[in-house]
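A.B. asks: model the following, please.
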Amino acid sequence: MNLRLRITLLILALLVVGVVTVVGQSLNTAREEISSEVESTRLLVSQLLTLIGNPEIAEANASLSQDFMEKLASLTNVRHFDVDIVGPGDQGVLSDESGESQIQAPDWFMDLLALDEDLLIGSYVDENGGTVLIRTDPTDEINEIWDEVRASMSARLSGLVVFNLLLYLVLGYWLRPVPQIISGLEGVVKGDYSHRIPKAGLPELNSIIEMVNRLTGVLGSTRVENERLAIQSLTIQEQERRRLAQELHDSLGQSVSAIKAMAVSISMRTQDSDPMLATNARNIEKISDEAYKSVRDMMAWLRPAVLDELGLELALQQMVDDWNVHHEDTFCRLNIYGDFSSLDEHQRINLYRIVQECLTNIAKYAKAEKVDVVLSGKEIITLQIRDDGLGFDAEKNSKGMGLGGIRNRVTSLQGTIELTTRPGKGTIMQIEIPRHPQPFRVERRRSTDLPQDAAALPADNYEI
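C.D. replies: Residues are numbered from 1 along each chain as shown. This is a model prediction of the structure:
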């Protein structure tokens with residue numbers, strides 16, 4: 001239940017309580033007025049009959065008194081009371097010709113009035129032993145009060161409906177910016193810092209909107225700065241790796257080559273004169289070969305020469321082939337669709353490093369039997385790496401296993417990364433980057449130019 005509806009229902013509940021209280025007070029006042037009217041009418045008639053029944057008055061006006069009693073008993077449709085004269089020995093029962101059957105108020109209203117029945121019927125015994133039954137009839141008062149209460153309740157309920165409808169509309173107008181604020185915050189959570197929320201009518205909401213807009217602006221500037229720093233950091237890192245690879249090649253590599261050359265020379269010159277020295281020289285030669293191979297592997301890891309000389313496609317193919325040689329229990333298949341020779345150096349080296357880091361993680365943690373690396377796309381380049389290994393909980397391990405470095409590289413390429421994994425169900429990582437990056441990151445559609453044959457790669461072991 002949203003805030004708008006809660007406020008409306010709360011005020012409605014308070015108003016209903018107020019109306020019920022007012023109606024209750026009105027009913028209590030009505031009950032007191034009816035009781036007072038009934039009592040006054042009953043006393044008036046009783047006093048009148050008592051006065052007529054006074055012996056002194058009765059002797060002086062016997063015929064007048066008798067006629068008055070008969071006419072009084074014959075009266076009908078008289079407001080407020082009903083009189084019936086019962087002879088000696090007869091049981092006094094008033095006829096139901098009173099207004100009780102003419103009461104227009106419903107039963108629940110009569111129950112709320114709770115009139116005292118003892119006040120409605122009284123009796124008087126005349127001198128001849130007859131009984132005069134007096135029933136006070138508050139029908140007219142009850143109908144009048146019911147008409148007043150009904151009109152008052154109808155007016156109040158109509159007012160409540162109109163008031164709450166207007167209140168709901170006004171609250172909707174005042175709180176109109178709230179969904180926009182929520183949408184803006186959801187965009188911030190998703191990484192969209194370009195959206196700005198327009199000002200609202202309420203000062204309090206304007207303050208919140210201003211702070212949200214300022215927050216998105218700061219976060220957007222911070223992200224741009226982080227992307228710039230990430231690119232700079234990765235550029236410096238690759239430059240340092242290139243320098244180290246060059247140093248290894250120029251110093252350590254040449255030194256190992258020189259040691260090997262001297263060992264070969266010693267072996268050849270002492271082969272006949274000093275067989276033991278020749279044997280040791282051949283051992284040094286073998287150790288030099290192993291050392292040079294290690295140096296060459298380190299240089300290839302620091303800066304793959306094939307990437308600069310032959311391009312991204314052949315560099316990835318060589319990486320996958322070497323990886324398959326060293327991991328006999330897992331087979332990696334590389335599929336490349338499209339031409340990527342136009343990519344700049346920054347894009348080539350980072351795509352290469354992403355694949356390299358993913359294959360390292362798969363070898364360490366996944367225990368997979370099959371790995372697929374798919375590179376495709378035209379304007380939006382898609383790199384998908386999937387395995388049928390153990391998988392993991394992305395929420396708990398999203399910062400581990402080299403994923404932070406991969407995200408930094410994707411950020412430097414102005415790309416997006418989507419990771420789909422579950423324990424025991426393998427892992428799918430899909431990265432999308434623009435072939436022609438913009439100075440600032442903009443919204444991009446998802447790649448739809450993935451070739452049919454690439455999308456149809458065997459996926460029976462990749463259920464996530």
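A.B. asks: quick one: L10 is in a helix?
C.D. replies: Yes - counting by DSSP: H, G, I helix; E, B strand; the rest coil, L10 is part of a helix.
A.B. asks: give me the number of residues near it?
C.D. replies: Neighbours of L10 under the rule other CB atoms under 10 Å: 10. Heads up, the C-betas are built off the backbone N, CA and C, glycines and all.
A.B. asks: again, but for S376
C.D. replies: S376 has 21 nearby residues by other CB under 10 Å.
A.B. asks: that one touches D339, doesn't it?
C.D. replies: No - judged on CB atoms under 8 Å, S376 makes no contact with D339 at a distance of 10.9 Å.
A.B. asks: which SSE is L171 in?
C.D. replies: Using DSSP states H and E, L171 maps to helix 139-174.
A.B. asks: quick one, helices of the stretch 151-300 of the chain?
C.D. replies: 177-190, 203-247, 254-269, 275-302 (DSSP state H, counting those that start in this stretch).
A.B. asks: can you lay out those helices as JSON lines showing mean pLDDT, distance to R333 and mean neighbour count?
C.D. replies: Listed next are these as JSON lines, based on pLDDT from 0 to 100; distance: least, CB to CB, whole Å; neighbours: other CB atoms under 10 Å:
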{"stretch": "helix 177-190", "mean pLDDT": "80", "distance to R333": "33", "mean neighbour count": "14"}
{"stretch": "helix 203-247", "mean pLDDT": "83", "distance to R333": "27", "mean neighbour count": "14"}
{"stretch": "helix 254-269", "mean pLDDT": "88", "distance to R333": "35", "mean neighbour count": "15"}
{"stretch": "helix 275-302", "mean pLDDT": "87", "distance to R333": "22", "mean neighbour count": "15"}
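A.B. asks: so which of the ones you listed gets nearest T411?
C.D. replies: Comparing those against T411 with CB to CB, the closest turns out to be helix 203-247 (5.2 Å).
A.B. asks: using CSV, write down the CA coordinates of stretch 262-274.
C.D. replies: The C-alpha coordinates for stretch 262-274 follow below in CSV (Å, rounded to 0.1, in the frame of the first residue of the first chain):
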residue,chain,number,x,y,z
MET,A,262,79.7,-21.1,-24.0
ALA,A,263,78.4,-24.4,-22.7
VAL,A,264,78.2,-25.8,-26.3
SER,A,265,81.7,-24.5,-27.0
ILE,A,266,83.1,-26.1,-23.9
SER,A,267,81.3,-29.4,-24.6
MET,A,268,82.8,-29.5,-28.1
ARG,A,269,86.3,-28.6,-27.1
THR,A,270,86.5,-31.1,-24.2
GLN,A,271,84.5,-33.9,-25.6
ASP,A,272,87.7,-36.0,-26.2
SER,A,273,90.1,-34.5,-23.6
ASP,A,274,87.8,-34.2,-20.6
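A.B. asks: need the residues that contact stretch 222-241.
C.D. replies: The contact list for stretch 222-241 (CB atoms under 8 Å, 6 or more residues apart in numbering) reads 191, 193, 302-303, 346, 349-350, 408-409, 411-412, 414, 440-441.
A.B. asks: for the residues you listed, which one is nearest P179?
C.D. replies: Y193 (19.0 Å).
A.B. asks: how many neighbours does W146 have?
C.D. replies: By the criterion of other CB under 10 Å, W146 has 18 neighbours.
A.B. asks: contacting residues for it?
C.D. replies: Taking CB under 8 Å, 6+ apart, one finds Q104, A105, F109 in contact with W146.
A.B. asks: thanks a lot, catch you later.
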